[in-house]
Every structure is written in structure tokens, then in C-alpha cells.
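Enquirer: how would this look folded up:
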Amino acid sequence: MSDQFWTILEYTGVFSMLLYLYLEIKQKPAMWIVGIISSIIYIAVFAFSRIYADMAFNIYYAAMSLYGYVMWKQSRKEQTGEDKKHIDYSHITKLQAAGLTAALVVIYLIIYNTLNRLTDSPVPHIDAFTTTLSIVATWMLAKKIVEHWALWIIVNLVSIYLYNIRGLYPTMILYTIYTCISFYGYYNWLKKGKVIKSIK
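Expert: Below you'll find the model as predicted:
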């Protein structure tokens, strides 16, 4: 396929991800459907660019989107009246933080060693790092843990560098926008949100 095809596909992915982020800030369950579409697009884009861990993450994210959609719809059904007008979230617990920290280390080592030994990835360290944080942040988002925004900010900043060196300039611009919007998303959830218990 021509370079023009991949460029058009990448721009399509950029548009769908911006829509996804808008829906995430507003806590609309439709974000998970848009996320599935975006993931399918970026599986192809990252495979072409040899960013394999990010490619694999999008496969994981497509599956997690189905889980997130079910969880969010169930949570929505349990809300009544004025509650449905609020953004609801929970804070991470000490037990969750400890478990997720351990998970981050284990997942990173698995992904890095896989990329380093079994693929021709030119950026195994960075690819493994952003993918590991993205996996954990996505799980936190499905549980409506507000601190997931902090992880996305880190992922976005590192991804700007990654996509720049791999020549994915539209995606680099997307993640620059992501960084700014992630700060806003964090602020918006805290300002307009209502603390709830974690989604089971």
C-alpha cells in the first residue's frame, strides 16, 4: 500500500481519537465504541511503523473497551435523578496503588524483553514504557479512578517523543493535544465530579 494510504489512515485515527477523548471527558459510554474503532485503525498504523507494543496495546484496548462499556452502562443504570448529571469517579486506594505498581513492573519487564528479543523494534524501552502505563491507565479508567488522568499525561508526553522519532507527525500532534486535554480532563472530573465507590 502507498504512503498516502497510511497517511490518510493515520489522520482518520487522529480524528477518531480526538472524538474519543471528548467523550471521555464527558463520561459518555459511547467513548468505548469509538475507542474500538480507533484501536482497529491504530493496530494497522503501528504495525506498519514497527511500534509493536503499542500495536498490541490497541488489541488489548479493543477488548477492554467492551468491558468498560458494560461497566459504565451498568454504573449508569444504578444512578437516579440528579446523579445522572454528575461525572462520578473514585480515588485510588492504597491497596490498589500497591497492586498496580507491582503490575507496572511485571508488565514492563515482560513487554520489554519480548520486544528486545523477538522483534526488530527500534525503540523497545520507550514502546514498553508507554504501553505498560496505557494498560494500567485503561483498567483504571474502566473503574472510573480519577488518577488515571495522571498516567495518561505521562504517557502522552513520552509518546510525543516516540512518534516524533518514528516519523508519525500527525499522531505526534494528536498526543500534544492529548497532553493539554488530559490536564483539563483531570481538572474537569475533580471540579464537576462526585466521588463514588469503585466500580466492581
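Enquirer: what number of residues lie near Ile8?
Expert: Ile8: 11 surrounding residues under other Cβ atoms under 10 Å. Bear in mind the C-beta positions are built from the backbone N, C-alpha and C, glycine included.
Enquirer: what's the helix or strand for it?
Expert: If you go by DSSP states H and E, Ile8 is part of helix 3-25.
Enquirer: Next secondary structure element downstream of the lengthiest helix in the chain?
Expert: The longest helix of the chain (DSSP state H) is helix 52-78. Using DSSP H and E, the helix or strand that follows helix 52-78 in sequence is strand 87-89.
Enquirer: Give me the nearest residue to Pro29, chain neighbours excluded.
Expert: Trp72 (4.5 Å; Cβ to Cβ, 6 or more residues apart in numbering).
Enquirer: any idea how far the one you found lies from Thr7?
Expert: As judged by Cβ to Cβ, to the nearest Å, Trp72 and Thr7 stand 33 Å apart.
Enquirer: more crowded one of the two?
Expert: Counted by other Cβ under 10 Å, Trp72 and Thr7 do not tie: Trp72 has more neighbours, with 20 against 14.
Enquirer: ok, now which ones touch the more buried one?
Expert: Residues near Trp72 by Cβ atoms under 8 Å, 6 or more residues apart in numbering: Gln27, Pro29, Trp32, Ala142, Lys144, Ile199.
Enquirer: Among those, find me the one that's closest to Leu19.
Expert: Comparing these against Leu19 with Cβ to Cβ places Trp32 closest, at 12.2 Å.
Enquirer: Low-confidence ranges, this protein, go.
Expert: 1, 76-86, 197-200 (pLDDT under 70).
Enquirer: hey, what's the nearest residue to Lys144 once chain neighbours are set aside bridged with?
Expert: Among residues not flanking Lys144 along the chain, Tyr89 sits closest, at 4.8 Å (Cβ to Cβ, 6+ apart). When bridges are called by DSSP bridges, Tyr89 pairs up with Val195.
Enquirer: was I right about Tyr89 contacting Glu147?
Expert: No - in this structure, Tyr89 is not within contact of Glu147 by Cβ atoms under 8 Å, at 9.2 Å.
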